[in-house]
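Got a sequence here, can you build the structure:
(chains A and B)
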Amino acid sequence: MTVTREQVLAQLYPDEPDYEGAAQLGPEALPHLMQLLQEGDPDLASKATSLASVIDAAESIEAVDKAARSPDPVIRVATAAALGNLSEMPDPLAQGMLNDEDVGVRKLALTAAPVSMDPYVLVSGHETVFEGPEIEGTGRRRCRNAQGGGRKDFLGVDAHHKALAQEASGNGGRPAKSDPWQACQERGDAQRVAARAPGG
Amino acid sequence: MTVLHIKVLQQPNIAIDTMLRNVRQVYSTANIRVAVGSRENLAGPAFTAILDVGVGPCTMGQARTTEQTQLFGIRNFVGANEIAVYFVRSVLQNNTQALNGCASFPANQPSCVVGHTASGWTLAHEVGHVLGLAHISGENTNCPPANPRCCSTPDFTRLMTGCGTGNITGTPTVSQGEINTMIASNLTIEGV
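Next up is the predicted model:
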């Protein structure tokens, strides 16, 4: 089926687009969505990245990745949100969004990142991802979900072994500073201490 | 008369005064006066968490999202039967898809949310939803079952087009039936 630019635009013009219906245009819509991203109109580019992600074809990642590099935070927010529609989320893409300078982008990327995702993707951006009151709720939810089990449950077996290797290789036997599970534990401890503090 | 309370977390691309002028222009054709009850600037770090608003599926009667609960709780100066309008950066359906606005609101907190990239007519359109209007029919002729809102026959002369208020040129119209619905709304006070 040949998809025209006009057909794609007709799906993106609505104030409240029907993305699931529009996704029936299929992967043939993606070149037009890429072009709209290139043109950079914030309204159409934001919706283009949303639609590309709902289409969720192999080429969708290219479109979302392009949108992730937009200088416009409105487009990057839409992109971070769109990550949640992708059945596969490349680690560099997620990591880039988790490290974005805009806290709204980081928050949505954190929400979109599946729990099953290799937590080491979170590592380099971990401190910024969880920083600030705006994002603490999202961070706390991830920590709370993680704290039901041990680090092995949180990290998964492979990453658990990776963490052990890191500890053994020069951290003086301590968990790696960037270990997200450890950071969750420390955050939990800090919150408990704060809760016990007089007047706290 | 309908009373709007403007709460600004982020200025939209189109000036709010332009949007208000458009609201008044189209609602005057229905003999409904639109008053601005208050304007409040909610910019700053305290509001960063609700700058990008997840609106769930954006349907009436849905469960409130975390952001909606927080946002709609900010009702300084908003009286009963008055509408709070929140200008935010992003409006996100199911936290994953960009919208220009959303008029889903909980009972007793009539509200709508308008995003940064909204068109000059989005505010009037969303307020129309709050007053009980649906999208017009007849814009989706012969759409395939899998894409029932394909906008094959859009009507950009109407405020409640479901195919994009950004394409409206001139002053859009509201039908007599739509006027009746708006006037019947408990949010249209003092009748006309």
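
Pull the number of nearby residues for A:M1.
Residues contacting A:M1 under the criterion other CB atoms under 10 Å in any protein chain shown number 8. C-betas here are computed from N, CA, C, even on glycine.

Please read the previous query as pertaining to A:A82.
For A:A82, using other CB under 10 Å, the count is 31.

Mind pulling the model confidence for it?
pLDDT for A:A82: 96.

Tell me who's in contact with B:A103.
Counting by CB atoms under 8 Å, 6 or more residues apart in numbering or on different chains, B:A103 touches B:58, B:111-113, B:126-127, B:129-130.

Same question for A:L9.
Contacts of A:L9 (CB under 8 Å, 6+ apart): A:32, A:44.

Now name the helix or strand holding it.
If you go by DSSP states H and E, A:L9 is part of helix A:5-12.

B:V55 versus the closest residue in space to A:D100 that isn't next to it in sequence, what's the distance?
Computed as CB to CB, 6 or more residues apart in numbering or on different chains, the closest residue to A:D100 that is not its neighbour in sequence is A:R106, at 5.4 Å. Using CB to CB, to the nearest Å, A:R106 is found at 20 Å from B:V55.

same thing with B:P144?
Taking CB to CB, one finds B:P144 at 27 Å from B:V55.

same thing with B:E190?
30 Å.

These two: who's more crowded?
The neighbour comparison of B:E190 against B:V55 (other CB under 10 Å) goes to B:V55, with 28 against 8.

The more buried one is in contact with B:R64, isn't it?
No: contact between B:V55 and B:R64 fails when scored by CB atoms under 8 Å: they sit 9.3 Å apart.

Find me the pLDDT at the residue in chain B that chain A sits nearest to, would you?
With CB to the nearest CB, the shortest gap between chain B and chain A falls at B:G164, namely 2.9 Å. Per-residue pLDDT puts B:G164 at 98.

Contacts only, for it.
Listed by CB under 8 Å, 6+ apart, the contact set of B:G164 reads A:13-15, B:119, B:151, B:154, B:156.

same thing but 10 Å
A:9-17, A:43, B:100, B:119, B:121-122, B:125, B:151, B:154, B:156 (CB atoms under 10 Å, 6 or more residues apart in numbering or on different chains).

Can you list which of the residues you listed are found in helices?
A:9-12, A:43, B:122, B:125 (DSSP state H).

ok, back up a step: now the residue nearest to A:D100: how far from chain B?
11 Å (CB to the nearest CB, to the nearest Å).

give me the number of residues near that residue?
25.

just checking, it touches A:A81?
No: here A:R106 does not reach A:A81: they are 12.0 Å apart, not a contact under CB atoms under 10 Å.

joint contacts of the two?
By CB under 10 Å, 6+ apart, the residues touching both A:R106 and A:A81 are A:M97.

Take stretch B:109-117, keep the C-alpha atoms, and write them as CSV.
The C-alpha trace of stretch B:109-117 is given here as CSV (Å, rounded to 0.1, in the frame of the first residue of the first chain):
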residue,chain,number,x,y,z
GLN,B,109,-13.5,19.8,38.8
PRO,B,110,-14.4,21.0,35.3
SER,B,111,-11.1,21.6,33.6
CYS,B,112,-9.1,21.2,30.4
VAL,B,113,-5.4,21.0,29.6
VAL,B,114,-3.8,22.7,26.6
GLY,B,115,-0.3,21.9,25.4
HIS,B,116,2.5,24.2,24.2
THR,B,117,1.9,23.2,20.5
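
now check that stretch, is it near chain A?
Yes: on the criterion CB under 10 Å from any CB of the partner chain, stretch B:109-117 is in touch with chain A at B:114-117.

Now do that stretch, average pLDDT.
pLDDT averaged over stretch B:109-117 gives 97.

ok, back up a step: for the ones in helices among the contacts of B:G164, pick the one with the most neighbours.
Going by other CB under 10 Å, B:H125 tops the ones in helices among the contacts of B:G164 with 31 neighbours.

Roughly how far does the nearest residue to that residue once chain neighbours are set aside sit from B:R24?
Setting aside the residues directly before and after it, B:H125 is nearest to B:T165 in space (CB to CB, 6+ apart), at 4.9 Å. According to CB to CB, B:T165 and B:R24 sit 16 Å apart.
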